[in-house]
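# my questions concern the predicted model and sequence given below.
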Amino acid sequence: MVVCLAVAAGCAPRLRGIPVGEQVAFDKDEGLFEHREGLTIAAMGLGRPPISAGHEFVAMAIELQNHGQASFAVELERVRLGMLSGDRWLERQPSRPDDLLQAYQSADASPATRVREVTGAELVRHRAYDHGYAYPYGSYHSVHFYSAYSDGAREAYEMQQRTSSFLARLLRSQPIAPGEVLSGFIVFPQPIEKKDRLRLRVPIEVVEPAAPSGTTSAPAAPTSGETMMFEFHFEVH
């Protein structure tokens, strides 16, 4: 199972998947996938997506593989992210992809961004302390200095590229025909902290039912208009 690339971000909080029912964990328990009626869906959390100025967003990377004969559709407006509060789930709707793109384009065109991008590399001197060592006839301690270039322009460019790549893979409402794979990110305006419990609910609608197999022993094919609800649970750590 290959899920769309999740962008790592330093010491960002990580989401551990909690399998439910027939679900299987992968990638060190950080992702979950489930197969049902010809459709396989995988989900993985991203605690600090590269659009966050602070801690205001969380993203979910999902991938859908249609192995069956029916056509399905994912509707972004119906996807929900719940956070457990006591014994209740408080749910949030996803951010609209067009709103996120517009906000990024406005920020990228600001004078502050342009000034940062043309900033030259600066020589920075760092001081590192070694631990002391005890000997029979005394002790030893040393201090080392080293120099390195801090390239503000390159760092700004790389961050811009990570953000652009992320935004280009935002998931939108669309059909999934037989034999197709659909993957992308869903962003929620939800800050998270360690030990938070999250629930991702992804409703998938059957657009065109599978053709009848002609055998009475085969399971019933999904019917047009039917909605399958996939639910994934995560814990922040």
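Okay, I see it. Residues are numbered from 1 along each chain as shown.
# what helix or strand is H35 on?
Using DSSP states H and E, H35 falls within strand 31-36.
# residues contacting T223?
Residues in contact with T223 (Cβ atoms under 8 Å, 6 or more residues apart in numbering) are V206, P209. The way it works is simple: take the backbone N, C-alpha and C, and place the C-beta from them, glycine included.
# what is the least confident helix or strand in the protein?
strand 133-135 (a mean of 46; mean pLDDT, DSSP states H and E).
# so after the longest strand belonging to the chain, what's the next helix or strand?
Longest strand in the chain by number of residues (criterion: DSSP state E): strand 197-208. Downstream of strand 197-208, the first helix or strand assigned by DSSP H and E is strand 227-236.
# quick one: distance of that next one to the chain centre.
In this view, strand 227-236 has its centroid 14 Å away from the chain centroid, taken as Cα atoms, centre = their mean, to the nearest Å.
# CA-only coordinates of that strand in CSV, if you can.
Taking Å, rounded to 0.1, in the frame of the first residue of the first chain, the C-alpha atoms of strand 227-236 are listed here in CSV:
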residue,chain,number,x,y,z
THR,A,227,-22.8,5.9,0.8
MET,A,228,-20.0,4.0,2.5
MET,A,229,-18.6,5.6,5.6
PHE,A,230,-14.9,5.1,6.3
GLU,A,231,-13.7,6.1,9.8
PHE,A,232,-10.1,6.3,11.0
HIS,A,233,-8.9,7.0,14.5
PHE,A,234,-5.6,8.6,15.5
GLU,A,235,-3.8,9.7,18.6
VAL,A,236,-1.3,12.6,18.7
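# correct me if wrong: P97 contacts Q174.
No - judged on Cβ atoms under 8 Å, P97 makes no contact with Q174 at a distance of 11.5 Å.
# distance from the chain centre to the helix or strand where S183 lies, please.
Using DSSP H and E, S183 maps to strand 181-188. Computed by Cα atoms, centre = their mean, the chain-centroid distance of strand 181-188 equals 8 Å.
# ok, stretch 31-45 next?
Relative to its parent chain, stretch 31-45 has a centroid offset of 14 Å by Cα atoms, centre = their mean.
# just the terminal-to-terminal distance for it.
Start-to-end span of stretch 31-45 (Cα to Cα, to the nearest Å) is 7 Å.
# then stretch 162-179?
Stretch 162-179 has its terminal residues 29 Å apart, counting by Cα to Cα.
# do stretch 49-66 as well
For stretch 49-66, the end-to-end distance is 27 Å (Cα to Cα).
# do stretch 164-180 as well
Terminal-residue distance, stretch 164-180 (Cα to Cα): 25 Å.
# grab the nearest non-local neighbour of M159.
Distance criterion Cβ to Cβ, 6 or more residues apart in numbering; nearest residue to M159, sequence neighbours excluded, is P50 at 6.9 Å.
# SS state for the one you found?
coil (DSSP: H, G, I helix; E, B strand; the rest coil).
# just give me the neighbour total for it.
For P50, the neighbour count with other Cβ atoms under 10 Å is 20.
# any idea how far E158 is from it?
Per Cβ to Cβ, to the nearest Å, P50 is found 10 Å from E158.
# so which residues of this structure form helices?
Counting by DSSP state H, one finds helices in the chain at the ranges 97-108, 111-117, 152-168.
# list the buried ones in stretch 175-185?
I176, L182, S183, G184, F185 (16 or more other Cβ atoms under 10 Å).
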